[in-house]
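Asker: take a look and give me a structure for this.
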Amino acid sequence: MKQGMMSYAVKWTVKSLAALNPLLAITVVVIASTTFVAVASACSRATYLGLDGIVITTRSNDWYSTQHSNIWIYPRGLERDGNAGRNSIKWTSKYGSVTTAGWDAATIDGINEAGLVANVLYLAESDYGKRR
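Answerer: Below you'll find the model as predicted:
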């Protein structure tokens, strides 16, 4: 099977299953995303756009050692800052959130009460250009 064909085959199968049984489709996406991740060499994300507006997103966390992760729960109304010095942005959280912190230094995954999700994707070879 050519590279890329597996994802097409899985997508077609999940789309067909979603018409019959949405819960089964979700199960297939989760199993497929955890089974085929071994070929990835960096954090990856896969999104399925299904029937009736269903969106299923999964990601891998291909880190080669422990991140000493902890779960943090933040209440709404919490005063925060970017903790990057005197010019750091400051805000008060509108929604409560649950996050996973790597090394207790930075949020690597999180979701708030409104359903907004944030994930860190890391690729060592990334180049963001020169800082202005």
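
Asker: give me the low-pLDDT residue ranges for the protein?
Answerer: In the predicted model of the chain, residues 1-42 satisfy pLDDT under 70.

Asker: so where do the helices sit in it?
Answerer: Under the criterion DSSP state H, helices of the chain are mapped to 5-20, 22-35.

Asker: return the distance of residue 48 relative to residue 119.
Answerer: 16 Å (CB to CB, to the nearest Å). Where you see a C-beta, it was placed from the backbone N, CA and C, and this is true even at glycine.

Asker: one more: residue 73?
Answerer: 18 Å.

Asker: okay, these two: which has more neighbours?
Answerer: A count of neighbours by other CB atoms under 10 Å puts residue 119 above the other of residue 73 and residue 119, at 15 against 8.

Asker: run through who's touching stretch 78-88.
Answerer: 89-93 (CB atoms under 8 Å, 6 or more residues apart in numbering).

Asker: quick one: end-to-end distance for it.
Answerer: Criterion CA to CA, to the nearest Å; first-to-last residue distance in stretch 78-88 is 16 Å.

Asker: how about stretch 119-126?
Answerer: End-to-end for stretch 119-126, by CA to CA: 16 Å.

Asker: for residue 44, give its distance to residue 86.
Answerer: Distance, residue 44 to residue 86, using CB to CB: 37 Å.

Asker: right, I mislabeled it, should have said residue 115
Answerer: Taken as CB to CB, the span from residue 115 to residue 86 is 34 Å.
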